[in-house]
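A.B. asks: Below is the sequence, then the predicted model.
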Amino acid sequence: MNAAGFPILSLITWLPLVGGLIIMSVRGDEATVASNARWTALWTSLIVLVLSIVLWVKFDTGEAGFQFVEEIPWLPEYGVGYKMGVDGISVLFVLLSTLLTPICVLSSWECITRSVREYMLTFLILETMMVGMFCALDFVVFYVFFEGVLLPMFLIIGVWGGARRVYSAFKFFLFTFTGSVLMLLALLAMWFQAGTTDIAVLLKTPMPVGMQNWLFLAFLASFAVKVPMWPVHTWLPDAHVEAPTAGSVILAGVLLKMGAYGFLRFSVPMLPQASAYFAPLIFTLSVVAVIYTSLVALAQEDMKKLIAYSSVAHMGVVTIGIFTFNVQGIQGALFQMLSHGIVSGALFLVVGVLYDRMHTHEIARFNGLADRMPLYATIFMIFTLASMGLPGTSGFVGEFLVIVGAIQVNFWLALLGAAGMILGAAYMLYLYRRVIFGRLTKEDLRAILDLSPREVAMFVPLILITLWMGINPTSFSGFWDASVAAMVQQHSAALTPAVKVAGALH
Amino acid sequence: MNWAIALPEIALSIVAMAILIFGVVRRDDTFLLSSMFAVGGFLLAALLVLTSARGVGYHGQFVADAFSSFAKLLVLAGAALALILSLDYNQKNGIARFEYPVLMLLSVTGMMVMVSAANLMTLYLGLELQSLALYVLAAFARDNLRSSEAGLKYFVLGALASGLLLYGISLVYGFSGTMDFAALAKTLARPESASPGLIVGIVFILVGLAFKISAVPFHMWTPDVYEGAPTPVTVFFSTAPKVAAFALLLRTMTMPFGHLLIAWQQLIVLVSLASMILGAFAAIGQSNIKRLMAYSSIGHMGYALIGLAVGTPEGVRGVLVYLIVYVFMSAGTFACIIAMQRRGRALEQITDLNGLARTDPGLALALAVFMFAMAGVPPLSGFFGKLYVFLAAVQAGMWTLAVIGVLTSVVGAFYYLRIVKVMYFDAPEAPFDPRPASLSFVAAATALFTTFFFVFPAPFVGAAQAAAKVLFG
């Protein structure tokens, strides 16, 4: 049943907590505890990464259903069980989470000096919650992890954040919490309707069409905040600016994907009629997000805010792709999610490098860095180009596929969605020019140091993956080919009888 | 006569009398010893509840069933935690007198009679026994102006509520000719026997009981009494009597008056909505943590009332699960509040918690766990309490309750987060006094329960299910 021969998903999910226990159990003076916490967190997250690579290797790409399924009864009378499993859609996000966590630990190595033990502990808890969320095959378990992510993130922003951290942490928490509790009601309604919360069963249980619209809106409330879609994106720039670098990386790299993952896992396959009905709304919101936030990004004075707004625009492309309901669109959305996870995470790390040295992310404080930091300038350029969607980098494949998918739905949708690529090039190159090029005029920048080996170690895997995804996309898209094809087929099958009924009425 | 079904109550009364005599005879410092005896009494009673026979006795006045056992165990747990929390506090604040455990034992006896009541008369007797003991407890710090005020206020308003309840009982008796729950249920099964006078009687009974669980609009006493009473007494108020009164409310509304669901359902819906909304919004402006907890408890009662408003076994199950998690969250929170002392002086302002995460990480972590749990964030236990009542509401199609419920829990999350914020985000002040072991024990035990409830929810939910089934026979 389980290709790995042992409960690999539970191990990946819960192992970080074991690391957390080790961190908690260390006694000694502050320096010992801090250094121990760093190393324990790094090793734990590396072991988890190795385990998830095993998962990656053993994953059967020809199989559309769930693999590595584990099930333990939890509340058997109510049809709730602890059930874990991955399919082509979720498996790479598990990898994304486990890849970004050790990188985050590395990036926080020196810049976090206060309460290091608690910081590392929070990150390990966060990893458990993220991985658990992508693996959960039971709706209640999913919800527990989905919400559970809020706690560590709230603390990361609030305790280790910048000047307006309290405001940002509260805004982040209350926005997402409001959306999630509405999803909870949808969960309860589906639970009552189907008598179980097993996602595999729910995927095959048709929901009454009248109920679907309400359920869809409840899901939308939660996932739209998480993605985030315009106009509920306002928490994101605040959260990003105040969060420590590693917090931003996880926020952009993984947390934003949770919303899109929710659309793919719940809204589209479980509520096909409602998804089709609301698709124009999603397209409108997404197009507004792409164009409006790209323009807003052009005007930003703060690097982190600029990248935050660019994230909203990129995620707009993702939601367009998901709701085209065709293979290219959904494949493109998945590719874009993965690529954005790597690239925007890397861009926040790039900004973090400057923040560690100068303690600011204001664009105007920097210029001409190419002179003093050539290596840094190169890496920054690679990710800038990837973010713009240059062919040969990961960003291109996703956006291209989404546009191919969108053009089958509506020409204008594809055109307006593609405008994001042009604007993206504008704001990213504008940012790059201001920070890297020009003459070095600021006195305090003269002594700035180029990347340290630790920082290079952070960036190398990300660069390799970015290029690998751009040059050989099939080695990634192969994972979800079967699952996406099955989903698209199921979706169109669900819609066909409705069309027939509508035709008969005329 | 099957007198043995009341064995736990009898045992508790005997322990209370014995401690009373012991305290009078010994005359010197007997608080600690008598408290220990009282905790032993609670344990003994819990054991007896688990083992003693079930059935109806005392001419149908008293019933011992799965529901009463469930509620009694919860009451005993809450009372035992509250008593353990008072050990150190009472000694430091000069209220370490042996009458304290005696009063607690007596009021717990009253509560156990309440949850076992099968007759309106037994109901009233139990309620009065617990209330009278509670009035004295509220004013137990008799040299303290605020405590005396709290006791007096509670007494005056409580007496009013008891009067209303009694009036309701007499109306019900007058219009139906019986006070026995089973006989009432039989009479009311015929819809024509529900005369308007009887409905008015039910409303008065409901009002009296709503006062005891401090549901809006009968909540006015709660913030003042919570603030004024000595903190360990507040712990007690917020746990055991709430459970007992709620259990009584559940039994009264579903067993004798179950057939009149449509008559009282709307009323409970309104009370529930009002409690959730007031509990959420009124707490935002509080600066005293005990007052904040008072409003929070009003809100929690509103959530639990959703289960009653639904009027199904699923709803009652939801209430019972809610009460379990609530008792432990609440006791744990107050354990942390009692630990807020500097140089022997008890502190009550939220700002006194500033930077606690730096000065006392363990305490801060425990309080953060309780706050997140009260906000209903999974995977902590508070989430599961809400999950089951909302599930019942959704099943019954009561969307207004469910939607308002989840939205007020977001508002509630705001003030719970504020406490986490002052502890974790703000700059630290002077550390608190070292905690006595009893506080650490209660805080740790309840925090562990709250955190790990999600691992083994099945036995608790199963017990609640079995208890709820009894009421719907």
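C.D. replies: All right, it came through fine. Numbers count the residues shown, from 1 in each chain, chains lettered A, B, ... in the order given.
A.B. asks: if I pick B:Gly228, what's in contact with it?
C.D. replies: By CB atoms under 8 Å, 6 or more residues apart in numbering or on different chains, B:Gly228 lies in contact with B:Ala138, B:Arg146, B:Ser147, B:Glu149, B:Ala150, B:Gly151, B:Lys153. Yep, even glycine has a C-beta here, placed from its N, CA and C like the rest.
A.B. asks: ok, the first one - how many residues close by?
C.D. replies: Read that as B:Ala138. A count of nearby residues for B:Ala138, using other CB atoms under 10 Å in any protein chain shown, gives 29.
A.B. asks: can you give me the strands for the stretch 1-150 of chain B?
C.D. replies: Assigned by DSSP state E, counting those that start in this stretch, the stretch 1-150 of chain B shows strands spanning B:55-57, B:62-64.
A.B. asks: Grab the most central residue of chain B for me.
C.D. replies: In chain B, the centroid-proximal residue (CA atoms, centre = their mean) is B:Lys242; its distance is 2.1 Å.
A.B. asks: Pretty sure that one sits against B:Ile213.
C.D. replies: Yes. Counting by CB atoms under 8 Å, B:Lys242 touches B:Ile213, with 5.8 Å between them.
A.B. asks: Pull out the buried residues from stretch B:352-367.
C.D. replies: B:352-360, B:363-367 (16 or more other CB atoms under 10 Å in any protein chain shown).
A.B. asks: for the strands of the stretch 1-150 of chain B, which one ends up most surrounded?
C.D. replies: The highest average neighbour count among the strands of the stretch 1-150 of chain B, using mean count of other CB atoms under 10 Å in any protein chain shown, belongs to strand B:62-64 at a mean of 24.
A.B. asks: contact partners of that strand?
C.D. replies: Here strand B:62-64 makes contact (CB under 8 Å, 6+ apart) with B:5-6, B:52-57, B:113, B:116-119, B:122.
A.B. asks: For chain B, which residues are neighbours of chain A?
C.D. replies: Contact residues, chain B versus chain A (CB under 8 Å from any CB of the partner chain): B:357-358, B:361, B:372, B:375-379, B:383, B:387, B:390-391, B:394-395, B:399, B:402-403, B:406-407, B:409-410, B:413-414, B:417, B:420-421, B:424-425, B:454, B:457-458, B:461-462, B:465.
A.B. asks: circling back: just put the contacts of B:Gly228 in CSV and tack on distance to A:Gly85 and pLDDT.
C.D. replies: As requested, the contacts of B:Gly228 are exported to CSV (distance: CB to CB, whole Å; pLDDT from 0 to 100):
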residue, distance to A:Gly85, pLDDT
B:Ala138, 55, 89
B:Arg146, 58, 87
B:Ser147, 58, 89
B:Glu149, 60, 90
B:Ala150, 55, 89
B:Gly151, 59, 90
B:Lys153, 58, 91
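A.B. asks: Contact partners for the one residue in the stretch 101-250 of chain B that gets nearest to chain A?
C.D. replies: Proximity of the stretch 101-250 of chain B to chain A (CB to the nearest CB) peaks at B:Leu250, 20.7 Å away. Applying CB under 8 Å, 6+ apart to B:Leu250 gives the contacts B:Phe67, B:Leu308, B:Val316, B:Val319, B:Leu471.
A.B. asks: and whatever residue of the stretch 201-350 of chain A ends up closest to chain B, what helix or strand is that in?
C.D. replies: At 9.0 Å from chain B, A:Trp214 is the closest residue in the stretch 201-350 of chain A, using CB to the nearest CB. In the assignment (DSSP states H and E), A:Trp214 maps to helix A:209-226.
A.B. asks: Quick one: list the elements packing against the helix or strand that that helix is followed by.
C.D. replies: The C-terminal neighbour of helix A:209-226 among helices and strands, as given by DSSP H and E, is helix A:235-242. Where contact means 3 or more CB pairs under 8 Å, 6 or more residues apart in numbering or on different chains; DSSP states H and E, helix A:235-242 is packed against helix A:165-194, helix A:303-322.
A.B. asks: shaky segments in the chain?
C.D. replies: Just so you know, I chose chain A. Across chain A, the ranges flagged by pLDDT under 70 are A:1-4, A:497-506.
A.B. asks: my bad, chain B
C.D. replies: Across chain B (using pLDDT under 70), the flagged ranges come out as B:1.
A.B. asks: quick one: the biggest helix by length in it to chain centroid distance?
C.D. replies: Using DSSP state H, we find that the single longest helix of chain B is helix B:145-176. How far helix B:145-176 lies from its chain's middle: 18 Å, per CA atoms, centre = their mean, to the nearest Å.
A.B. asks: The helix or strand hosting A:Ile250 vs chain B: in contact?
C.D. replies: Secondary structure from DSSP H and E places A:Ile250 in helix A:245-250. No. Remark: helix A:245-250 sits outside contact range of chain B, by CB under 8 Å from any CB, the gap being at least 14.1 Å.
A.B. asks: swap in stretch A:257-271?
C.D. replies: No. Using CB under 8 Å from any CB, we find that stretch A:257-271 stays clear of chain B, coming within 14.5 Å at best.
A.B. asks: Spit out the contact partners of the nearest residue to A:Val227 once chain neighbours are set aside.
C.D. replies: Closest residue to A:Val227 apart from its sequence neighbours, by CB to CB, 6 or more residues apart in numbering or on different chains: A:Gly259 at 3.6 Å. Going by CB under 8 Å, 6+ apart, A:Gly259 touches A:Ser222, A:Phe223, A:Ala224, A:Val225, A:Lys226, A:Val227, A:Pro228, A:Met229, A:Met315.
A.B. asks: Would you mind pulling the contact partners of stretch A:464-484?
C.D. replies: Residues contacting stretch A:464-484 (CB under 8 Å, 6+ apart): A:59, A:61-64, A:87-89, A:91-92, A:99, A:327, A:330-331, A:334-335, A:338-339, A:342-343, A:346, A:382-383, A:386, A:391-397.
A.B. asks: In PDB, could you pull the C-alpha coordinates for that stretch?
C.D. replies: What follows is stretch A:464-484, C-alpha atoms only, in PDB (Å, rounded to 0.1, in the frame of the first residue of the first chain):
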ATOM      1  CA  LEU A 464      19.700  25.400  -9.700                       C
ATOM      2  CA  ILE A 465      16.100  24.700  -9.300                       C
ATOM      3  CA  THR A 466      15.000  27.900 -11.100                       C
ATOM      4  CA  LEU A 467      17.100  27.100 -14.100                       C
ATOM      5  CA  TRP A 468      16.200  23.400 -14.100                       C
ATOM      6  CA  MET A 469      12.500  24.200 -14.000                       C
ATOM      7  CA  GLY A 470      13.000  26.600 -17.000                       C
ATOM      8  CA  ILE A 471      15.200  24.300 -19.100                       C
ATOM      9  CA  ASN A 472      13.500  20.900 -18.400                       C
ATOM     10  CA  PRO A 473      10.000  21.600 -17.200                       C
ATOM     11  CA  THR A 474       8.700  18.100 -17.800                       C
ATOM     12  CA  SER A 475      10.800  16.800 -14.900                       C
ATOM     13  CA  PHE A 476       8.400  18.700 -12.700                       C
ATOM     14  CA  SER A 477       5.200  18.800 -14.700                       C
ATOM     15  CA  GLY A 478       5.500  15.000 -15.100                       C
ATOM     16  CA  PHE A 479       4.400  14.700 -11.400                       C
ATOM     17  CA  TRP A 480       1.100  16.300 -11.900                       C
ATOM     18  CA  ASP A 481       0.200  15.300 -15.500                       C
ATOM     19  CA  ALA A 482      -1.900  12.400 -14.500                       C
ATOM     20  CA  SER A 483      -3.600  14.100 -11.600                       C
ATOM     21  CA  VAL A 484      -4.400  17.200 -13.500                       C
END
